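Engineer: need a structure here:
(one chain, ligands or ions: 1)
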Amino acid sequence: MKAKLWSGRFTEATHGLVDEFNASVSFDGRLYRHDVAGSIAHAAMLAKAGVITSAEYARITDGLRKVEKEIASGAFVFTAGMEDVHMAVEARLTELIGPLGGKLHTGRSRNDQVALDARLYLKDELYEIITLVHGLKKTIAETAAANIETIMPGYTHLQRAQPVSMGHHLLAYYEMFKRDTGRLLDCLERMDEFPLGAGALAGSPYGLDRGLGARLLGFARVTENSMDAVSDRDFIVEFISAASILMMHVSRLSEELVLWSSQEFGFVELSDAFSTGSSIMPQKKNPDVAELGRGKTGRVYGNLIAILTVMKALPLAYNKDMQEDKEPLFDTIDTVKSVLRVFPPMLASMKVNRAAMRAACDAGFLNATDAADYLAGKGMPFREAHRVAGEIVAYCIKNGKTLAVLGIGEWKGFSGLFKADIKNAVAIETSVAKRRIRGGTAIANVKKRLRTVMTELKKGAC
Ligand code: ARG
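Structural biologist: Next comes the predicted model:
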């Protein structure tokens, strides 16, 4: 085995078990493009500071690009003995261009290098994730648009409560995912700082132009404290928190799809392409995609707890514990992306059973509040009106009736305030139409909100 890049003060070789235990290259290998980009920016700072000549800069950058190509093509394969992606890239560079490769690490440490690579990588992924969230928001808005006039029961305590437009119900998710986009953008904005130049912890002594490196890599700012720069992982914690909230929303939507597609509800039917069968029960059509959306939320929450626990109580500055930041980060990115890819086509291909939703509205006394509101509108205190309407519901349940079929004589038996127009007042459509208050479910409102939403979506993902 080759000597380690840091083996100068060592007399014994690393134990094989330690090589395995210490290595991160099996998972941080995915940072290689960002590692190469960061090294090229570092080489530019070294050249500007006069640490390397422009000819050396050209040879180093050519070599780095070659390493990148070799990794991409599979010609260069990582092994545990290489320790991490930073060592692997530098070792291969040195093989390719000779001792000059050893100049690249001047004024740099793996501590600021990994802080840079993780930021660069996450920035790229954040743009992708924000674009995928945009796709989900778009599908939700389109499904809402197709169902503005689909009336369904709205629930509280999972008990039928008041009728709502399905478009309104779906747009609630639009608002949630819109806030998620905001959180991801906040995270992106806060983490947009260039850490190179921090060195191991105290700052590099080579007069590097940090602004140049930041510009080359597209960072908005440079970090202002070298110790913070190498030990900060808040950006990972913040991203996984935002991802956890996003997944919480995915999970609530998933749960509704699972319920709605059950035979008990029968509100929607997921397409065959987005459902699975049972290996034993031939009649089954299972909502596995929605269930996995719900289930995968657990692993993202787990990742959040993992990174918070790794970071808690670490003294400044870098500690090797921090290598444990990567798997939660990568797993969160992979999980969130896989969910965001599969949900839009699942939603777009879902069939809505309008008749079942409407029938559930008729059967559930969803208009009982409207009966109480009717009396309140005639001057009866709402508390009393609530009691009277409750008595009417009890009467209906006892006699197997709904409010819609009650005769005017029956209404009047409960209160002299009821007139013939009570029929229309408790119609499900009236109940929805009356909720014209801003943010309410009236069809006109939902249409108006959708117009704004469509304009927002046209402006792009951010
Ligand atoms: N693989 C390491 C990590 O991910 C890179 C930094 C190592 N720094 C060190 N001083 N050993 O955290």
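
Engineer: so how many other residues sit close to R436?
Structural biologist: As a burial measure, R436 scores 12 neighbours (other Cβ atoms under 10 Å). Heads up, the C-betas are built off the backbone N, CA and C, glycines and all.

Engineer: assign it to helix, strand or coil.
Structural biologist: coil (DSSP: H, G, I helix; E, B strand; the rest coil).

Engineer: just give the closest residue to the residue of the stretch 301-450 of the chain found nearest the ligand, not the sequence neighbours.
Structural biologist: Closest residue of the stretch 301-450 of the chain to the ligand, Cβ to the nearest ligand atom: Q323 (3.6 Å). The shortest distance from Q323 to any non-neighbouring residue, by Cβ to Cβ, 6 or more residues apart in numbering, is to S24 (5.1 Å).

Engineer: need the pLDDT of R449.
Structural biologist: pLDDT for R449: 98.

Engineer: just checking, it touches L170?
Structural biologist: No - between R449 and L170 there is no contact under Cβ atoms under 8 Å: 11.1 Å.

Engineer: those two: who's more crowded?
Structural biologist: L170 (25 against 20).

Engineer: specify the local secondary structure of the more buried one.
Structural biologist: helix.

Engineer: for it, list the residues it contacts.
Structural biologist: L170 sits next to 140-141, 143-144, 147 when contact means Cβ atoms under 8 Å, 6 or more residues apart in numbering.

Engineer: let me have the residues you listed in TSV, extended by neighbour count and pLDDT.
Structural biologist: Shown next, in TSV, are these (neighbours: other Cβ atoms under 10 Å; pLDDT from 0 to 100):
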residue	neighbour count	pLDDT
I140	26	98
A141	22	98
T143	21	98
A144	24	98
N147	20	98
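
Engineer: what's the closest of those residues to T335?
Structural biologist: I140 (19.9 Å; Cβ to Cβ).

Engineer: so where does the closest one fall, helix or strand?
Structural biologist: helix 110-146 (DSSP states H and E).

Engineer: paired strands for the helix or strand that comes right after that helix, with orientation please.
Structural biologist: Sequence order places strand 151-156 as the next helix or strand after helix 110-146, per DSSP H and E. According to DSSP bridges, strand 151-156 forms sheet pairs with strand 159-165 (antiparallel).

Engineer: what lies in contact with the strand it pairs with?
Structural biologist: With Cβ under 8 Å, 6+ apart as the test, strand 159-165 has contacts from 147-155, 360-361, 364-367, 369, 428, 431-432, 441-443, 446.

Engineer: show me which of the residues you listed neighbour the ligand.
Structural biologist: By Cβ under 6 Å from any ligand atom, no member of the contacts of strand 159-165 lies near the ligand.

Engineer: select only the buried ones of the residues you listed in ChimeraX?
Structural biologist: Applied in ChimeraX, the following selects the buried portion of these according to 16 or more other Cβ atoms under 10 Å:
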select :147,148,150,151,152,153,154,155,360,361,364,365,366,367,369,428,431,432,441,442,443,446
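
Engineer: residues contacting H169?
Structural biologist: 152, 154.

Engineer: apologies, that question was intended for H249.
Structural biologist: So H249 contacts 173, 176-177, 180 (Cβ under 8 Å, 6+ apart).

Engineer: now do the strands in the protein.
Structural biologist: 151-156, 159-165, 193-194, 221-222, 268-269, 351-352 (DSSP state E).

Engineer: nearest to L93, of these?
Structural biologist: strand 193-194 (21.8 Å).

Engineer: what's in contact with the closest one?
Structural biologist: 116, 119, 210, 213-214, 217, 219-223, 229.

Engineer: again, 6 Å this time
Structural biologist: If you take Cβ atoms under 6 Å, 6 or more residues apart in numbering as the criterion, strand 193-194 is touched by 213-214, 219, 221-223.

Engineer: near the ligand, which residues of the chain?
Structural biologist: So far as Cβ under 6 Å from any ligand atom goes, the chain lies against the ligand at 24, 28, 84, 110-111, 114, 318, 320, 322-323.

Engineer: if any of the residues you listed are buried, give me the ChimeraX selection for them.
Structural biologist: Here is the ChimeraX command that picks out the buried ones among the residues of the chain next to the ligand, judged by 16+ other Cβ under 10 Å:
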select :24,28,84,110,111,114,318,322,323
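
Engineer: which of the residues of the chain next to the ligand sit farthest apart?
Structural biologist: Among the residues of the chain next to the ligand, D28 and Y318 lie farthest apart (Cβ to Cβ), at 14.8 Å.

Engineer: okay, stretch 365-372 in PDB with CA atoms only?
Structural biologist: In PDB, the C-alpha atoms belonging to stretch 365-372 read as follows (Å, rounded to 0.1, in the frame of the first residue of the first chain):
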ATOM      1  CA  PHE A 365     -75.000  16.900   7.700                       C
ATOM      2  CA  LEU A 366     -72.200  19.100   6.400                       C
ATOM      3  CA  ASN A 367     -74.900  21.800   6.100                       C
ATOM      4  CA  ALA A 368     -75.800  21.800   9.800                       C
ATOM      5  CA  THR A 369     -73.700  24.900  10.400                       C
ATOM      6  CA  ASP A 370     -75.600  26.600   7.600                       C
ATOM      7  CA  ALA A 371     -78.900  25.900   9.400                       C
ATOM      8  CA  ALA A 372     -77.500  27.500  12.500                       C
END
